[in-house]
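J.: Sequence plus the predicted model coming up.
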Amino acid sequence: MPDNPTAQGDPGSLITRDGQLQWGGLLMGPGTRYQLTAEGLTGWHDLPGMDLGDSPRAADHGSTPGTRLAQARTVGATVLAMPGRSTDPAQDWQSVADDPDPATALTELRCHTGLLAGEQWLAVRLHGVVRAVRARVSARVVPANRQYAVSGLARVALQWVCTDPYVYSAEQYQARTPVRRGGGRVGYPLVYPVAYGTAGISGAVAVVNVGNAAARPVLSINGPVVNPRIANAATGKVLEYRITLTEADRLTVDTGDGTVTLNGSVSRLGSASPSSTHEQDWTLVPGANQVEFSDDASDAAAALVIAWRDASL
């Protein structure tokens, strides 16, 4: 299972200009010693390959449509690792022919593009918008040609594989709602002046996913609650757990990983009620989603926090 991007830090924190690319702690593009060639990125806006569940019709031409699932995304870029130094970080890199250590740029690039055990953020800013994918380096081609031997300028072909093919917003969004509570009742017989009670709380919050694909959020339930329920009116999916939380407890539902943990350590996946949907099937569809939070206690201190990134394919 790929790392859930909602649980990671913000990507693209070093990016300041359009055309820049950040891989982990390495910044490439305008204003750096690593310039992307005119071809730019490949695979960034492309639709990934598909695994098709179509099945041939038994007694007719064609096939019966089945499920379509995206394969891993492959992103490529060709980078010029330039010797020299920049006189101003806001300006383009200034190549210096007599750089005393022309191999520094390539050495640094190789350190950042080695074999890593896990995935990390690959972020790109285009037209003022930073988006990111979770990726690993799958190829690095560096010809040790005459150009590199003479000047230290290296032309490096890089390739990343994203086991999670979604492209995410760099910013992580949050929404919060208290648990649903009914209003106070009027007591009978009436005694003047009449006390009309307090207004109720709907427990609903509007969540907008501006991507073109379903996003899988992290849902944090803060106690005290009894048997919490989280419903998405846009999909009809409901998560429900037979559990009691104190004011000091937090139940975290990671719909990307499909996990349910109490206070960040103890699994409570088994507390799901028989009518509850599978965690990974509970998503935020593109557009508006009305999320409703309720339980059997309606304590004023209980709340739900939703964290997500917009997702696109």
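T.: On my side now, so go ahead.
J.: give me the low-pLDDT residue ranges for this protein?
T.: Screening the chain residue by residue with the criterion pLDDT under 70, one finds the ranges 1-9, 84-102, 182-200.
J.: report the longest strand in it, please.
T.: When every strand of the chain is counted residue by residue (DSSP state E), the longest turns out to be strand 129-141.
J.: Next up, the contacts around D296.
T.: D296 sits next to 226-227 when contact means Cβ atoms under 8 Å, 6 or more residues apart in numbering. C-beta here means a position set from N, CA and C on the backbone, and glycine is covered the same way.
J.: The one 10 residues further on now?
T.: By Cβ under 8 Å, 6+ apart, the contact set of I306 is 174-176, 205, 207, 217-220, 291.
J.: Helix or strand: which one has it?
T.: I306 belongs to strand 303-308 when elements are defined using DSSP states H and E.
J.: so what does the helix or strand hosting A105 touch, helix or strand wise?
T.: Per DSSP H and E, A105 falls inside helix 104-112. Other elements packing on helix 104-112 under the criterion 3 or more Cβ pairs under 8 Å, 6 or more residues apart in numbering; DSSP states H and E are strand 26-28, strand 73-81, strand 154-162.
J.: Following element in sequence after that helix, please.
T.: Helices and strands here follow DSSP H and E; after helix 104-112, the next one along the chain is strand 120-126.
J.: That next one pairs with which strands?
T.: strand 21-23 (antiparallel), strand 129-141 (antiparallel) (DSSP bridges).
J.: Quick check: which of those strands is buried the most?
T.: When neighbours are counted by mean count of other Cβ atoms under 10 Å, the highest per-stretch mean among these falls to strand 21-23, a mean of 24.
J.: What residues sit buried inside stretch 248-260?
T.: Neighbour-count burial for stretch 248-260, counted by 16 or more other Cβ atoms under 10 Å, picks out 251-260.
J.: I'd like the C-alpha coordinates of stretch 106-119 written as CSV, please.
T.: Output of stretch 106-119 as CSV, limited to C-alpha atoms (Å, rounded to 0.1, in the frame of the first residue of the first chain):
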residue,chain,number,x,y,z
LEU,A,106,26.6,16.1,-10.2
THR,A,107,27.8,14.7,-6.9
GLU,A,108,25.0,16.4,-5.0
LEU,A,109,22.5,15.3,-7.6
ARG,A,110,23.6,11.7,-7.3
CYS,A,111,23.3,11.8,-3.5
HIS,A,112,19.7,12.9,-3.8
THR,A,113,18.7,10.4,-6.5
GLY,A,114,20.1,7.1,-5.0
LEU,A,115,18.1,4.1,-4.0
LEU,A,116,15.7,5.0,-1.2
ALA,A,117,13.6,2.5,0.8
GLY,A,118,10.5,4.5,0.8
GLU,A,119,8.7,7.1,-1.3
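J.: List the contacts of that stretch.
T.: 2-3, 23-26, 34, 79, 81, 134-137, 140, 142, 148, 152, 154, 156, 158, 162-164.
J.: and if we set it to 6 Å?
T.: Under the criterion Cβ atoms under 6 Å, 6 or more residues apart in numbering, residues 3, 26, 81, 134-137, 140, 154 lie in contact with stretch 106-119.
J.: centre of the chain versus that stretch, how much separation?
T.: Centre-to-centre, stretch 106-119 and its host chain are 22 Å apart (Cα atoms, centre = their mean, to the nearest Å).
J.: Please point out which parts of that stretch sit buried.
T.: 106, 109, 112-113, 119.
J.: so which of the residues you listed comes closest to L69?
T.: Distances from L69 to the buried residues of stretch 106-119, taken as Cβ to Cβ, are shortest for E119 (19.0 Å).
J.: before we move on, the earlier item: got TSV for the strands paired with strand 120-126, with distance to Q280 too?
T.: Converted to TSV, those look like this (distance: least, Cβ to Cβ, whole Å):
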stretch	distance to Q280
strand 21-23	28
strand 129-141	16
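J.: Okay, helices next: where are they in the chain?
T.: 104-112, 146-151 (DSSP state H).
J.: Same question for the last one: list its buried residues.
T.: Think helix 146-151. So, applying 16+ other Cβ under 10 Å, buried residues of helix 146-151: Y148.
J.: Grab the CA positions of that helix and hand them over as CSV.
T.: Coordinates of each C-alpha in helix 146-151 appear next as CSV, following Å, rounded to 0.1, in the frame of the first residue of the first chain:
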residue,chain,number,x,y,z
ARG,A,146,33.5,14.9,-23.4
GLN,A,147,31.3,17.8,-22.3
TYR,A,148,31.3,16.6,-18.7
ALA,A,149,35.0,15.9,-18.7
VAL,A,150,35.9,19.3,-20.1
SER,A,151,33.4,21.6,-18.4
